[in-house]
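Asker: A predicted structure for the sequence below; I have some questions about it.
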Amino acid sequence: MDFYLGLVQIIGVHTLLGLSAYCVLLTGQVSLAQAGFFAVGAYVAGMLTVLAQWPLIPALAVAAVVSGAVACAVGFPALRVKGLMLVVATVAFGEAVRLFFFNFTYQIQAGVLHLGPHGAEGFRQIRYFPEHGWSTLDVVLFIWVVVALVMAGLWWLDHSRVGAVLRAVGEDELAAQSVGINITAVKVSAMTVGGFIAGIGGGIFAHYTTHIEHAQFGVVLATFAIAYPILGGLSNVFGTLLAAVFIQGFLIEGLRFMGDWRNLLFGGLIVLAMNVRPRGLLDAGTTRALKRLFAAGKERSGA
Amino acid sequence: MRKRSIAFATLVAGTAMVVCGMAGAQERTVKITGFGAKSGVVRVFGINSEAAMKAAAEEINSKGGVTLGDGTKAKFTVDFLDDRCNAEEGISVVRRIASTDAFVAVGPTCSNVAESLFGILQKKVGDASDSGLQFPIIADVAAKGGLAKISEWAFRNVPSEFEMYKSLIAWIKKEHPNLKTMYGGVEKDFAHSNATYGVMKSQAEGSGLQVLGPSEWLLNDTTFSTQVRDMKRANADIVAISAHPFTTCGVLKEMARQGVKPKLLIGLTSSSSIETLQGCAKQAEGIIIPTSFAPVTPEAKLAAEQVAKFGGSADLHSAAAYEIMFILKDVIESQKIMAKPDTVQADRNKMRAGLAALKETKGLLGKVGRTADREAIKPYLYVHAKDGSWQVLYKPTL
């Protein structure tokens, strides 16, 4: 049971990472900076709970604000470029963050131990969950409450005027601009919200793994971040969740019994999924069909 | 007469079936699960560990297997899971193993994975306020110093690199008093090589060698011209390379290309393997490495042959995995572990207590001491690459 609960934790954290990229993708921008924001959140939250002995929730809140602020600062210069140039710019940012933590050392003496980030060797002993007696189920519930809140927030955003503006920019920038939408403000806002969510995800990730180091926040993680919403579909937030379940639950853990074949199948099945569902696992058509199905079900039960 | 013969044959066959059935019922198996990197740049370590565990299991099984707490004999079987040298996957793999009847796991390959998964274990045994996982893990490869201190459920059978390099540097100072300067090369983004370079540097400085600086590269790097140019400029007497076989070979080839010929070369423990010889035997000629394994004893020779049969290669890491299987056998027998589904947590506690109580174990090179913080003090020797093979250069008296 503990294994499945652990898996649900991983899926939750990766859903947050994917949702951070979802916000940015809605505006039509492909950002590979999410791993960098995730790293900022992980280190800030870890330092606050381990070095400053803060409780977890305020630490996550500060981590989210700091990541959001970094994303906002990055957003202004980076979002002035488009397409492939933006991809390159955000990869460069992600690598800069990674290399910063690669060289970042800030340790304090706690008894015989040195605690805190230690450059390339990473940051160990981020043991808030076990030290405070949280069971695996407690951690699962906590993570999924956060995921649910973030998804609800994004769902509301998506169905509000703000969501329409974000999608308008994503569909046709020129047309959006011609009706008076401030493109830079919209893109930077999306980037900031994405950074905020990545900061929360990173903070939880640090406490889940208990040890973080620069190598965990590289291009591979950044690719996963945008793969979730792209593979899941951008029609609504549940696509990202579905993709996180598909990749973490099925491709990585579900196929582990296949040994060496797993790595081959991993790439092959993603390519297959994207070919079979080019607009995402949960595209607009599927969402409409599901809605009709639920509506029909309700009518039948009403009758 | 014919009826009697049929009756006799039936009796014999029936008896044989009953006896075989009883034997079959008593034939039990104990599955030991290992885990480590079987993908990516360091996949060879996982492959070797799996082969070593299987070879040791076969050796133990051929001698009757392991005696369980209820007196029955059991055979070892080995399963090995790939964590891709990824901390999240490592945690997931250990949770998967811990959700079965397993009472111990062997691994991981990478120190960064060990850092994370030792972190999710309960820190102090019996601490009710700590909800960490209560499951013993014994590491065979993860070599970064001091990892077992993270949790009382964590154990290692890896050599102390601090002691090995301290001894090696002292020996070099004694044997080569004319060597005054050292230049380092470090695979900076890998926890093990980075930490070990710190050991090499501090020992060199402590023994009076002047350290002229390090060149740094990454585990996945494939070009080293800038780093070797800096090395050439430093013109040090000794070059110490703290890197795994893949980049060690890249650097050695670049050194040969640029004509960098230090008077003495030192390598990382993990590079005293067949991969280095396969990748750059010519360029590695003369490199000195301290190691806790070489086929110099009858047991070590047998282990090397057995591991090769299972498609692996015996080196200091896989030899540790081989030894671990024998350690587990001894602890299962001394702690009277039952290996039954209804005794899982009791068996885990017994395994942890048994491993913690060990003061000494049998190693392939001799007796292995155990420390209070659950680490091993392994015998070691210095090997050097000569004529395409690793040959023993010196065996320190411990």
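Answerer: Now that the structure is in, tell me what you want to look at. All values reported here derive from a predicted model rather than from experimental measurement. Residues are numbered from 1 along each chain as shown, chains lettered A, B, ... in the order given.

Asker: just give the nearest non-adjacent residue to the residue of the stretch 101-250 of chain A found nearest chain B, would you?
Answerer: Using C-beta to the nearest C-beta, the closest approach of the stretch 101-250 of chain A to chain B is made by A:T210 at 2.9 Å. For every residue, glycine as well, the C-beta is placed using N, CA and C. Spatial nearest neighbour of A:T210, chain neighbours left out: B:G119 (2.9 Å); criterion: C-beta to C-beta, 6 or more residues apart in numbering or on different chains.

Asker: right, and that neighbour touches A:R127 too?
Answerer: Yes: with contact defined as C-beta atoms under 8 Å, B:G119 counts as touching A:R127 (6.0 Å).

Asker: looking at the two, which is more packed in?
Answerer: Neighbour tally, B:G119 and A:R127, criterion other C-beta atoms under 10 Å in any protein chain shown: the higher count belongs to B:G119, 25 against 21.

Asker: returning to that earlier point: need the residues touching each of B:G119 and A:R127.
Answerer: A:T210 (C-beta atoms under 8 Å, 6 or more residues apart in numbering or on different chains).

Asker: picking up where we left off before, surely the residue of the stretch 101-250 of chain A closest to chain B touches A:G122?
Answerer: No: the pair A:T210 / A:G122 is not scored as a contact, 10.5 Å apart, by C-beta under 8 Å.

Asker: which neighbours do these two have in common?
Answerer: Here A:T210 and A:G122 share the contacting residues B:E115, scored by C-beta under 8 Å, 6+ apart.

Asker: residues of the stretch 151-300 of chain B that sit close to chain A?
Answerer: B:K188, B:D189, B:A191, B:N194, B:A195 (C-beta under 8 Å from any C-beta of the partner chain).

Asker: scan these and report the most crowded one.
Answerer: Of these, with other C-beta under 10 Å as the count, B:A191 tops at 24 neighbours.

Asker: show me what contacts the spatially closest residue to that one that is not a sequence neighbour?
Answerer: Spatial nearest neighbour of B:A191, excluding adjacent residues (C-beta to C-beta, 6+ apart): B:S111 at 4.1 Å. Residues near B:S111 by C-beta under 8 Å, 6+ apart: B:A142, B:A143, B:K144, B:L147, B:A191, B:H192, B:A195.

Asker: around chain B, pick out the residues from the stretch 1-150 of chain A.
Answerer: So far as C-beta under 8 Å from any C-beta goes, the stretch 1-150 of chain A lies against chain B at A:1-4, A:6-7, A:10, A:102, A:120-122, A:124-127, A:129-131, A:133-136.

Asker: do that again at 6 Å, thanks
Answerer: A:D2, A:F3, A:G6, A:A120, A:E121, A:R124, A:R127, A:P130, A:G133, A:W134, A:S135 (C-beta under 6 Å from any C-beta of the partner chain).

Asker: drop anything exposed from these.
Answerer: Buried residues within the residues of the stretch 1-150 of chain A next to chain B, counting neighbours by 16 or more other C-beta atoms under 10 Å in any protein chain shown: A:D2, A:F3, A:G6, A:A120, A:E121, A:R124, A:R127, A:P130, A:W134.

Asker: ok, the first one to B:R348 distance?
Answerer: Remark: distance between A:D2 and B:R348 (C-beta to C-beta, to the nearest Å) = 13 Å.

Asker: likewise for the third one?
Answerer: Relative to B:R348, A:G6 is positioned 17 Å away (C-beta to C-beta).

Asker: by proximity to chain A, which residue of the stretch 1-150 of chain B wins?
Answerer: In the stretch 1-150 of chain B, the residue that lies nearest chain A is B:G119 (2.9 Å; C-beta to the nearest C-beta).

Asker: what sits against that residue?
Answerer: By C-beta atoms under 6 Å, 6 or more residues apart in numbering or on different chains, B:G119 lies in contact with A:R127, A:T210, A:H211, B:I150.

Asker: wait, the second one sits on A:I126?
Answerer: What it means is A:T210. Yes: look at A:T210 against A:I126 with C-beta atoms under 6 Å: they come within range, at 5.2 Å.

Asker: can you count the residues close to B:E58?
Answerer: Neighbours of B:E58 (other C-beta under 10 Å): 17.

Asker: revised request: answer the last question for A:T223.
Answerer: Using other C-beta under 10 Å, the number of residues around A:T223 comes to 13.
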